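Participant: Following is a predicted model, sequence given first.
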Amino acid sequence: MSADKVQIEERNNVGVKLIAGEEADAAAEVIAESYPDAVIERYPAYLSIEVPNHVSFDMQRIAEQLGRPYDAPTFLVIMSSFNGRINVEDDRITISSEII
Amino acid sequence: MARSLTKAYERVKNIDWEPTYISAADKYVEPTRFFLPKKAIDPFKTFIREYFSMEREKESRHYSMLEAASRIQASQPEPRWMEGMKFALSNLSAIEYSAGRQMGRMARVVAPMELRQGYMMQVLDEMRHTQLEMNTLRHHMRSWPDPSGYDIALKAAGNSVGAGIFRSLSEDFTTCDAVETSLGLQIFVETAYSNMFFVGLSTAAVQSGDPVMASTMLTIQSDESRHMANGYATLMTLLQDDRNIPLIQETFDKWAWRGHMGFEVGLSLFADYFVKHKTDSAKEMSQRWLIEDFYGGFYKKLEKYGIKEPRWLPDVIRNSEWASHSAAVYLFGAWPVFYHRYDPIDAREMEWFEKKYPGWYSHYGKFWEAYHQMTDADGGMLVLKELGGLPAFCQVCQLPWIFPRPDASTGCTMQHNGRTIAFCSPACKSIFENDPVHYSGFKSFYDLYDGWDLADVILELGYLREDGKTLMAQPVLEPKRMWTVDDIRRCRYEVTSPLRNMATTPATAG
């Protein structure tokens, strides 16, 4: 019962899983506007956002969407998980598919 | 914005120092076989002040949910899920606690400041997770009509035969090279597998009417995001020195397999057999979260650094076809030595299994038919005895010798210091051979109970209800009459190690 060699296909999608709620909805709105290729899926307790190659979450734009101040540490409260290589900065959280 | 955290972080890093009053050897306590460059990366750049405010916010959101759930019973949760949680939560809580210990050790051994910082916050995260899970246990114990089993969760994580799988995994992480712990725990368990469990199964938690667990899972996973980044940072730091490449490869070979047997088998069992309202099968979850996201989206990209596919990945993939079903045969077959009520799959679900896993019925159908015939306490038939008792346990992963399938086991044995030792697979045997001292002391079910009457084993484990006679575990949710330890004694089943008279079985090629 020897197993064959497996073929793993390289994937370049990046994304996040956000705990459901108004902040996740606001982030999804902003992403849908900026990334026409984004795939946004809703699950009972979380929201999944997937984008090819690269995605950047702009805190200022999420704040405008929410109508109140918003920052990266608060975004990390709802960011349950991510795919890709992440970089957290003051005003944005960026995820890219390449190894950095 | 008043100040830039990114700039402040760069400034603060420059004030790290090497103490002169203690030698490096004394300071780092344990040596590591890896080569650690001085400079490291930290993608999260978290200060302790921001860390605490973030975690406080997470706690405040989660515990308000717990408070609301304790006031208002929105709907009756699904019994299968709630009973399965007795086993799941007891093990999870113990795994998280030991992960906290492992992080403290890593922070002592690993020199670069950025990595130490990440590990130290992870110590606190793991303590938080233990508490979140303890509070979920407490909530369930107070709200679920049958609290028996929830009340001994931590004791059972220490003495149940099934918990041996997770104990062996945790103890390996606690005692292997600390840098290896980072690569194995943060990359394989936390990046490859924890998403599948905490995010993937949050949907099942909601559909089973257990929003408290769904919230627990997702708030835990929000810390795991930093842990994934810790593992990634450790790996990228190590990759700066070519001498680390073969050491990383050997570590990935081991933990791709250990993570699969120690964690994925359990979570696939849970996804397929403890969820009543089924959506994705464990195999589909594994394909999406493990093969596509982890191996395709991350691991594959390490090829340019000279990292090859893990040695036993083909076996992992082959196993994931059958792992949940074989694990279910073990967990359901050995029901009297667990501590929850079982809800065996019905005829309608068998169709689902056959559809999702073509060929399922021909391998597992007989077991389930036998199981359904032996659930009556007055019947005097014990499925464990009638099917020939538990097989030998693997000395490394502590799973029984029934993988990938009971009718096609890759199990093998070897002689070590005058003892016959069993393994589930050539992979676990090879891991043992590379480091026998590490694994030879683990006492399996048979080392402890060979020759005992099963009733005495249950008494010793303490899995009895308040009357001191009725078993915590029951083979169906509502048996005609609850099984007692006397019913088990009447079945006359003596625990008998299959290794007693077994000749050595050589490893076959997978």
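Facilitator: Received it, and whenever you're ready, just let me know what you need.

Participant: all strands in the chain, in order from the N-terminus.
Facilitator: The chain I'm using is chain A. Assigned by DSSP state E, the strands in chain A fall at A:13-19, A:39-42, A:46-52, A:54-58, A:79-83, A:85-88, A:92-96.

Participant: that's the wrong chain, I wanted chain B
Facilitator: Going by DSSP E, chain B shows strands at B:404-405, B:408-409, B:412-416, B:419-423.

Participant: Turn those strands into TSV, including mean pLDDT, mean neighbour count and distance to A:Asn13.
Facilitator: Glycine gets a C-beta too; all of them are placed from N, C-alpha and C. Listed next are those as TSV, based on pLDDT from 0 to 100; neighbours: other Cβ atoms under 10 Å in any protein chain shown; distance: least, Cβ to Cβ, whole Å:
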stretch	mean pLDDT	mean neighbour count	distance to A:Asn13
strand B:404-405	94	21	30
strand B:408-409	92	16	35
strand B:412-416	94	17	40
strand B:419-423	93	21	38
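
Participant: would you list those in JSON lines and tack on distance to chain A?
Facilitator: Shown next, in JSON lines, are these (distance: least, Cβ to the nearest Cβ, whole Å):
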{"stretch": "strand B:404-405", "distance to chain A": "8"}
{"stretch": "strand B:408-409", "distance to chain A": "6"}
{"stretch": "strand B:412-416", "distance to chain A": "13"}
{"stretch": "strand B:419-423", "distance to chain A": "16"}
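
Participant: In chain A, where is pLDDT below threshold?
Facilitator: Along chain A, the parts satisfying pLDDT under 70 run over A:1-5.

Participant: Next: the stretch 401-510 of chain B.
Facilitator: Using pLDDT under 70, the flagged stretches of the stretch 401-510 of chain B are B:501-510.

Participant: Mind doing that once more with 90?
Facilitator: Low-confidence segments of the stretch 401-510 of chain B (pLDDT under 90): B:444, B:499-510.

Participant: still on that earlier bit, just put the strands of chain A in CSV and tack on distance to B:Asp450 and mean neighbour count.
Facilitator: Conversion of the strands of chain A to CSV gives the following (distance: least, Cβ to Cβ, whole Å; neighbours: other Cβ atoms under 10 Å in any protein chain shown):
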stretch, distance to B:Asp450, mean neighbour count
strand A:13-19, 46, 25
strand A:39-42, 51, 14
strand A:46-52, 46, 21
strand A:54-58, 56, 19
strand A:79-83, 44, 25
strand A:85-88, 50, 22
strand A:92-96, 53, 19
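
Participant: quick one on the thing from earlier: output the strands of chain B as a markdown table; include the columns distance to B:Met103.
Facilitator: Output for the strands of chain B, formatted as a markdown table (distance: least, Cβ to Cβ, whole Å):
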| stretch | distance to B:Met103 |
| --- | --- |
| strand B:404-405 | 33 |
| strand B:408-409 | 36 |
| strand B:412-416 | 32 |
| strand B:419-423 | 30 |
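
Participant: on that earlier part again, turn the strands of chain A into TSV, including distance to chain B.
Facilitator: Below are the strands of chain A laid out as TSV (distance: least, Cβ to the nearest Cβ, whole Å):
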stretch	distance to chain B
strand A:13-19	5
strand A:39-42	11
strand A:46-52	6
strand A:54-58	13
strand A:79-83	4
strand A:85-88	5
strand A:92-96	10
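
Participant: For the ones you listed, give me a markdown table that also has distance to B:Gln474.
Facilitator: Listed next are those as a markdown table, based on distance: least, Cβ to Cβ, whole Å:
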| stretch | distance to B:Gln474 |
| --- | --- |
| strand A:13-19 | 36 |
| strand A:39-42 | 38 |
| strand A:46-52 | 34 |
| strand A:54-58 | 49 |
| strand A:79-83 | 35 |
| strand A:85-88 | 46 |
| strand A:92-96 | 47 |
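
Participant: out of these, which comes closest to B:Val206?
Facilitator: Between B:Val206 and the strands of chain A, the shortest gap by Cβ to Cβ is with strand A:46-52, which sits at 9.7 Å.

Participant: Pick out the residue closest to the middle of chain A.
Facilitator: By Cα atoms, centre = their mean, chain A has its centre lying nearest to A:Val16, at 3.1 Å.

Participant: Beta-bridge partners for that residue, please?
Facilitator: Bridge pairing for A:Val16 (DSSP bridges) gives the partners A:Ile49, A:Phe82.
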